[in-house]
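Chemist: sequence first, then the predicted structure, then my questions.
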Amino acid sequence: MKQHCIAVFGGDARQAYAAQTFLAAGWQVQRWDVPQLNDSQPQSNSLAEALNGADIVLGPVPFHDYISTEELVELLQPGQMFIAGMLPEPLCDALAQADVVCHDLLKRQDFAVLNAIATAEGAIAEAISKSGSNLHLSPALVLGYGRCAKPLVKKLQGLQAHVTIAARSWDAACEAIANGCEVIDFNALPFHLPRFGYIFNTVPARVIDEAMLQSISPEATIIDIATAPGGVDFEAAKRMGRNAHLCPSLPGKYAPRASGECIAQTVRIILDEREGHAWGHQPTSASD
């Protein structure tokens, strides 16, 4: 496999572990503003220095507003590949105009599915640390049944929680039923909320407003893992004294090593795809 020069910048410990993975694979790694692990790998003096000569650039996951679009476009060179997570559309458009290849990790099905594992474990860790009750035999509600919700539900079931799904589509409801969950319609949510001790939101839209918070037990723990600002009215929750928490970047908090290695693996797969190699494909010789 071709050895690459990759610039890694920003982010949390996931970036540091991703950089370690690239180093172990024999790549040249240039870092800037990356958390330091127990290694002696030097960091560049500036982002411009880190990007110089790199054919791949790995930014934070999620990217947010780490650097302005104008500054990043000015620093990146035509032909470089820029990879990060949750990239704003205007940035992607500007990079395309500058002839910079752009990949958003969180728009890839493979990465999103694997990333959801760490998110699910982190959500459960947050719930346990922020509640005075056991998950075992507790009634738990999961809002949504998408990529993040499915591994979360499976792990909650493994802890013997009584899991109910609020599904947004009949197809999702049927899949949840097949996987052993009780299912309720979102339209009936206010009638069911009082019975749950744990509520996990995965829907990136306002689904629990002030009126619904009135129906939730004051003893309940609400964990929101949706993209900020989440699906809960947190101002109202704070005013009402509800135990509600928005929990972003759980993979970086609870599983930075595994998540960093997942980032590095996905970068390698992106490169394989660009070179026409499918995952697991074994090239045949000319004589075969």
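Modeler: Right, received. Where do you want to start?
Chemist: count of neighbours near the closest residue to Ile208 other than its chain neighbours?
Modeler: Closest residue to Ile208 apart from its sequence neighbours, by Cβ to Cβ, 6 or more residues apart in numbering: Val232 at 4.6 Å. C-betas here are computed from N, CA, C, even on glycine. Val232 has 27 neighbours, counted by other Cβ atoms under 10 Å.
Chemist: how close does Val232 get to Asn201?
Modeler: According to Cβ to Cβ, to the nearest Å, Val232 stands 6 Å off from Asn201.
Chemist: common neighbours of these two, please.
Modeler: Counting by Cβ atoms under 8 Å, 6 or more residues apart in numbering, the shared contacts of Val232 and Asn201 are 207-208, 222, 224.
Chemist: could you check the pLDDT of the residue nearest the centre of the chain?
Modeler: Centroid-nearest residue in the chain, with Cα atoms, centre = their mean: Asn115, separated by 5.3 Å. For Asn115, the model assigns a pLDDT of 95.
Chemist: equivalent analysis for Gly280, please.
Modeler: Predicted confidence (pLDDT) for Gly280: 63.
Chemist: that older thread, for the residue nearest to Ile208, what are phi and psi?
Modeler: Dihedral pair for Val232: phi -120, psi 140, per degrees, to the nearest 10.
Chemist: now it: how far from Ile128?
Modeler: Distance from Val232 to Ile128, counting by Cβ to Cβ: 19 Å.
Chemist: again with Phe196
Modeler: 16 Å.
Chemist: who has more neighbours, the two?
Modeler: Phe196 (21 against 15).
Chemist: residues in contact with the residue lying closest to the more buried one once chain neighbours are set aside?
Modeler: In space, and not counting its chain neighbours, Phe196 is closest to Leu141: 4.3 Å by Cβ to Cβ, 6+ apart. The contact partners of Leu141, taken as Cβ under 8 Å, 6+ apart, are 163-166, 192-193, 196, 198-200.
Chemist: which residues does the helix or strand hosting Glu175 contact?
Modeler: Using DSSP states H and E, Glu175 falls within helix 170-178. Helix 170-178 is contacted by residues 144-146, 153, 165, 167, 183, 185 when judged by Cβ under 8 Å, 6+ apart.
Chemist: do the same with stretch 26-42
Modeler: Stretch 26-42 is contacted by residues 3-13, 15-17, 19-20, 22-23, 43-44, 46-47, 49-54 when judged by Cβ under 8 Å, 6+ apart.
Chemist: buried residues in it?
Modeler: Of the residues in stretch 26-42, 27, 29-35 count as buried by neighbour count, 16 or more other Cβ atoms under 10 Å.
Chemist: which ones among those residues lie within strands?
Modeler: Among the buried residues of stretch 26-42, DSSP state E puts 29-32 in strands.
Chemist: go through those residues and name the one nearest Glu273.
Modeler: Closest approach between these and Glu273, by Cβ to Cβ: Val29, at 21.5 Å.
Chemist: what's the spacing between the closest one and Ala264?
Modeler: 10 Å.
Chemist: now do Ala116
Modeler: 18 Å.
Chemist: same thing with Asp65?
Modeler: Distance from Asp65 to Ala264, by Cβ to Cβ: 24 Å.
Chemist: compare those two (neighbour count), which wins?
Modeler: Between Asp65 and Ala264, Ala264 has the larger neighbour count (other Cβ under 10 Å), namely 24 against 8.
Chemist: for that one, give me its contacts.
Modeler: Contacts of Ala264 by Cβ under 8 Å, 6+ apart are 17-18, 21-22, 25.
Chemist: can you redo these as JSON lines with pLDDT?
Modeler: JSON lines is the format used below for the contacts of Ala264 (pLDDT from 0 to 100):
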{"residue": "Tyr17", "pLDDT": "96"}
{"residue": "Ala18", "pLDDT": "97"}
{"residue": "Thr21", "pLDDT": "96"}
{"residue": "Phe22", "pLDDT": "96"}
{"residue": "Ala25", "pLDDT": "94"}
